[in-house]
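1. Task: produce atomic coordinates for the following.
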Amino acid sequence: MKSTRTKVEDNIVAPTNAELAQNMVQLIQTIGSVLVQNQHQQCLKNRNDVAKLVAKRNPPCYLGQEDPLILEDWIHTFDKLFDAINCPADQRINTAAYYLRQETDNWWATTAPTLRQQPDFSWETFKEAMRKRFYPEHVRAEKYEEFLHLKQIGNAKKILPRARES
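-> This is a model prediction of the structure:
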């Protein structure tokens with residue numbers, strides 16, 4: 001078989017088109033893998049940056065108390081914090097989950113695999129799951145009953161008629 005190499009100078013032989021094409025493919029693959037590695041490293045750096053920004057603000061941990069005020073305060077704190085640091089949506093759940101302790105940490109460890117399989121799983125879905133678990137129906141019913149039986153005290157009887165007249 002005849003070689004298609006051409007002699008450029010005395011001891012230098014020019015590569016064939018096939019060899020050039022193979023070298024180009026290898027070069028492109030190498031560049032592609034370097035870009036992927038850089039992107040992966042940047043992603044890890046961004047995650048570390050978010051974790052550091054959150055940690056600097058010393059957010060509260062949630063222990064799993066069945067007190068809606070504590071739960072809502074915890075959620076509200078993280079909502080504000082994530083907005084303030086422009087936390088990417090895909091990092092909110094893992095970042096907040098780091099601040100779950102005791103019962104909530106155990107709950108998340110067992111629930112996370114199932115919840116994460118949902119195609120629309122998001123920070124909002126995570127908060128709904130937290131409310132469902134740690135602000136259960138019997139506590140909601142108790143709070144509703146408390147609300148229904150609130151009594152006005154003090155000058156409310158005098159103030160309300162005046163307010164209605166205005």
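2. out of everything not next to it in sequence, what's closest to the most centrally placed residue in the chain?
-> Taking C-alpha atoms, centre = their mean as the criterion, residue 92 is the residue nearest the geometric centre of the chain, at 2.1 Å. In space, and not counting its chain neighbours, residue 92 is closest to residue 123: 4.2 Å by C-beta to C-beta, 6 or more residues apart in numbering. To be clear about C-beta, it is placed using only N, CA and C from the backbone, and glycine gets the same treatment.
3. Was I right to think that neighbour contacts residue 90?
-> No. Contact between residue 123 and residue 90 fails when scored by C-beta atoms under 8 Å: they sit 9.3 Å apart.
4. Can you check which residues contact both of those two?
-> Common neighbours of residue 123 and residue 90, counting by C-beta atoms under 8 Å, 6 or more residues apart in numbering, are absent.
5. who has more neighbours, the two?
-> A side-by-side neighbour count of residue 123 and residue 90, using other C-beta atoms under 10 Å, places residue 123 first with 19 against 11.
6. Ramachandran coordinates for residue 14?
-> As for residue 14, its main-chain torsions (degrees, to the nearest 10) stand at phi -70, psi 140.
7. count of neighbours near it?
-> There are 13 residues near residue 14, going by other C-beta under 10 Å.
8. Please apply the same query to residue 116.
-> If you count neighbours by other C-beta under 10 Å, residue 116 ends up with 11.
9. Residue 103 is in contact with residue 64, isn't it?
-> Yes. In terms of C-beta under 8 Å, residue 103 counts as a neighbour of residue 64; the distance is 3.3 Å.
10. So for the two, which residue has more residues nearby?
-> A count of neighbours by other C-beta under 10 Å puts residue 64 above the other of residue 103 and residue 64, at 19 against 15.
11. Now do the more buried one against residue 114, distance only.
-> Distance, residue 64 to residue 114, using C-beta to C-beta, to the nearest Å: 18 Å.
12. Same question for residue 82.
-> Going from residue 82 to residue 114 by C-beta to C-beta gives 23 Å.
13. which stretches of this structure form strands?
-> 6-7, 13-14 (DSSP state E).
14. show me what contacts the nearest residue to residue 70 once chain neighbours are set aside?
-> Excluding the flanking residues, the one nearest residue 70 by C-beta to C-beta, 6+ apart is residue 62, at 7.3 Å. Contacts for residue 62 (C-beta under 8 Å, 6+ apart) come out as 70, 71, 74, 99, 100, 101, 104, 130, 134.
15. Tell me the pLDDT of residue 55.
-> If you check residue 55, the pLDDT there is 92.
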